[in-house]
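Engineer: Structure, please.
(one chain, ligands or ions: 1)
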Amino acid sequence: MRALLHGSIARINCTDQLHRSLVLGRPPKLSSPVPSPGYNNLVCTFVYIFSAGLFAKLTYGILIYPHFFSPLRHIPGPKCISIWNGQFPTIHRQPSGQPHIKWMDEVPNDGLIRYLAFCNADRVFPTSPKLLQEVMHTKGYIFQKAPIVRRSIGKMFGMHGMLFSEGEQHKVQRRHMLPAFSYRHLRDLIPNFWEKSINLNKVMENDLRTRQDADTQKQIGMVVEISQWLNRATLDIIGSAGFGYEFNCINNNDESNELAQAYRKVFQPVSKGVQLQRVVFQYLPDWLIKLIPSKRRKESAEAIEMVKGMCMRMVREKKREYETEGKAGQKGLREIDILSLVTKDSPFTEEEMRDQLMTFLAAGHETTASALTWALFLLSQNPEIQSRLRAEIRSQIPSPTSTATPAVPLEDYLDTLPYLRNVTNEVFRFFPPVPMTLRMAGEDTTLGRHYIPKGTIVMISPWAINRSKKVWGPRADVFDPDRWEAYKEGKEGASNYDFMTFLHGPRSCIGKDFSRLEFKALLAALVGKFEFNEVLDKNGRRKELVIKSGITSRPENGLPLWVRSLDGW
Ligand code: HEM
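Structural biologist: Next up, the predicted model:
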């Protein structure tokens, strides 16, 4: 009653002041109503109950459930190093997948390991070919893309693109796009890959010469941050071979190329602090995250808008082309490139078409650039492997500068050069550009003999499987292209699931053959023409390599290498 009375007095005061200010023409001075003690008590009680509820929920969810009630608790796993944060401190300190190698080799298990991640969230990690096959193949559509992944990279890769579609929708999309990845079509793209590779060589050589002249007047090579060149080259290749578009990233440096810049902002490796922030943000609603100011997020959002706009323009231009040139399409070409398939007679809405392009653009350039970065890093550390590769390339592939018509076109043999093939396989094994990915059980199911409740997050780690001593023997952590003589493209290994770089099954990488050919063309052109050496510190010692895992794994601060142009090819 007192509360009510108090409230009405406050309201009367307010109206009174308003009336007076209207009459006198002054702005009203509203006195804030004084909350009654009853109201205060109510609020306090609510806050207490809410806090107690939250505390109980967190205590149960973080401290009790994972240790005593989780149906996954009997699956073997590493000992928790934190009572509330499981293995997270170890995972956070090391590159993605690194702790998993140790667990795989040291924790006795029947193909499945369970560990606790941030705030003791359950994770299962399949280690045997049989269970990997279940997750990726037999139950490929039950184990769906984890919402955490969708949330963190969905906007850049296109929410409605193939990477994030599920079930029937995914099957339709994948079937529709397959012709663009048939081996016959990819073989026809080799001259295009080669042309771009030669262009990269030319521009890099000019750049080396110009800068050398200014600095030393000598042709002794110079330090180059190599990864940005590789990103520009793979962007040009996906643009031209995939979409029939010339992005011209190789010819224009990063600063003058909006597209290269946009991707650099989104994909640049992040510090441990930002990684931790991202983990925490997974648990916060979008509206709350938007309220927290962040320069990096703002830049990423702008970059995403730029890419979105560009993909939409490509879709609309191509559609207009079909409308004006009729169904046969441009000059009657066999149009099975990515952009044509996405836009012509396609089952996609315009938004889906745009997202499909975003998927192929992002997935199709960053990964191959990361693989090439690692290739040059490994070759710079292993000069004898580099020389052997160069000898094969120079003896088999005519110099890009020669004007003579080659006796056999490159597309007939690029894919079969034995040492180039072994080096390619070994780089992909040793540094898988996508070190890990997550799936979520879409329904209650099983893995082997283990019950897996709906919502369980499954960690798939190409990094761990590709480097496990259990799988690859005691020399698993040695970079040795010759091991592929025995494995012969993975076919003579114990199982396909030993090599996980592109995953397997219906959700495996659709672009794996595209990227292999592109990788071989770029690597052959680069190693044929240039020598790559590591940059040592001032005491002549090897610098410690810090691997940053963002969407792909990359060396921290790019990869500076000592590059020298060689004569005779
Ligand atoms: C070295 C280069 C590459 C690597 C290591 C790689 C790796 C992968 C991996 C691991 C996935 C599965 C991701 C997941 O499910 O979480 C994937 C999916 C995909 N990749 Fe690649 N990729 C490479 C190059 C390419 C290229 C060149 C293209 C296109 C031209 C491409 C297009 C795609 C697409 C569309 C998907 C989604 C497939 C689906 O869900 O059905 N990738 N890639």
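Engineer: Around the ligand, which positions in this protein sit nearby?
Structural biologist: Within the chain, the positions near the ligand by CB under 6 Å from any ligand atom are 162-163, 174, 238, 242, 359-360, 363-364, 367-368, 371, 432-434, 437, 501-503, 507, 509-511, 514-515. For every residue, glycine as well, the C-beta is placed using N, CA and C.
Engineer: Buried members of those into PyMOL, please.
Structural biologist: Listed next is the PyMOL selection for buried residues among those, using 16 or more other CB atoms under 10 Å:
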select buried, resi 162+163+238+242+359+360+363+364+367+368+371+432+433+434+437+501+502+503+507+509+510+511+514+515
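Engineer: In strands, which of the residues of the chain next to the ligand appear?
Structural biologist: residue 437 (DSSP state E).
Engineer: got the CA positions of stretch 558-569 in CSV?
Structural biologist: The C-alpha coordinates for stretch 558-569 follow below in CSV (Å, rounded to 0.1, in the frame of the first residue of the first chain):
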residue,chain,number,x,y,z
GLY,A,558,53.9,-14.6,-42.5
LEU,A,559,57.0,-16.4,-43.9
PRO,A,560,60.1,-14.3,-44.7
LEU,A,561,62.4,-16.3,-47.0
TRP,A,562,65.7,-15.5,-48.7
VAL,A,563,64.8,-15.7,-52.4
ARG,A,564,67.2,-15.8,-55.3
SER,A,565,66.4,-15.9,-59.0
LEU,A,566,68.3,-18.7,-60.8
ASP,A,567,69.5,-18.7,-64.4
GLY,A,568,69.2,-21.5,-66.9
TRP,A,569,65.4,-22.1,-66.9
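Engineer: Chain neighbours aside, what residue packs nearest to the residue in the stretch 451-569 of the chain positioned nearest to the ligand?
Structural biologist: Using CB to the nearest ligand atom, the single residue of the stretch 451-569 of the chain nearest to the ligand is residue 511, 2.2 Å away. Nearest residue to residue 511, sequence neighbours excluded (CB to CB, 6 or more residues apart in numbering): residue 364, at 5.6 Å.
Engineer: is it true that the one you found touches residue 238?
Structural biologist: Yes - judged on CB atoms under 8 Å, residue 364 makes contact with residue 238 at a distance of 4.2 Å.
Engineer: mind checking how far the residue nearest to residue 511 is from residue 280?
Structural biologist: 31 Å (CB to CB, to the nearest Å).
Engineer: Same check on residue 356?
Structural biologist: 32 Å.
Engineer: Those two: which has the busier surroundings?
Structural biologist: Between residue 356 and residue 280, counted using other CB atoms under 10 Å, the more crowded position is residue 356 (28 against 11).
Engineer: That one contacts residue 350, correct?
Structural biologist: No - with contact defined as CB under 8 Å, residue 356 and residue 350 do not form a contacting pair (10.6 Å).
Engineer: which neighbours do the two share?
Structural biologist: Counting by CB atoms under 8 Å, 6 or more residues apart in numbering, residue 356 and residue 350 have no common neighbour.
Engineer: who does residue 437 bridge with?
Structural biologist: residue 460 (DSSP bridges).
Engineer: That one contacts residue 460, doesn't it?
Structural biologist: Yes - if you go by CB under 8 Å, residue 437 and residue 460 touch, sitting 5.2 Å apart.
Engineer: Now for these two: what residues contact both?
Structural biologist: With CB under 8 Å, 6+ apart, residue 437 and residue 460 have common neighbours residue 503.
Engineer: Let me know whether residue 449 touches residue 128 as I believe.
Structural biologist: No - using CB under 8 Å, residue 449 makes no contact with residue 128, being 12.0 Å away.
Engineer: Can you pull the residues that touch both of the two?
Structural biologist: residue 110.
Engineer: what are the ranges of the strands in the stretch 301-450 of the chain?
Structural biologist: Counting by DSSP state E, counting those that start in this stretch, the stretch 301-450 of the chain has strands at residues 437-441, 445-447, 450-452.
Engineer: With distance to residue 49 added, can I get the ones you listed in JSON lines?
Structural biologist: Formatted as JSON lines, the strands of the stretch 301-450 of the chain follow (distance: least, CB to CB, whole Å):
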{"stretch": "strand 437-441", "distance to residue 49": "32"}
{"stretch": "strand 445-447", "distance to residue 49": "37"}
{"stretch": "strand 450-452", "distance to residue 49": "35"}
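Engineer: Any regions of this structure where pLDDT drops low?
Structural biologist: Flagging of the chain using pLDDT under 70 yields the residue ranges 1-35, 210-220, 254-256, 269-270, 326-334, 487-494.
Engineer: contacting residues around the spatially most central residue of it?
Structural biologist: Residue closest to the average C-alpha location in the chain (CA atoms, centre = their mean): residue 551, at 3.2 Å. Contact analysis of residue 551 by CB under 8 Å, 6+ apart lists 153, 267, 366, 434.
Engineer: Many thanks, we can stop here.
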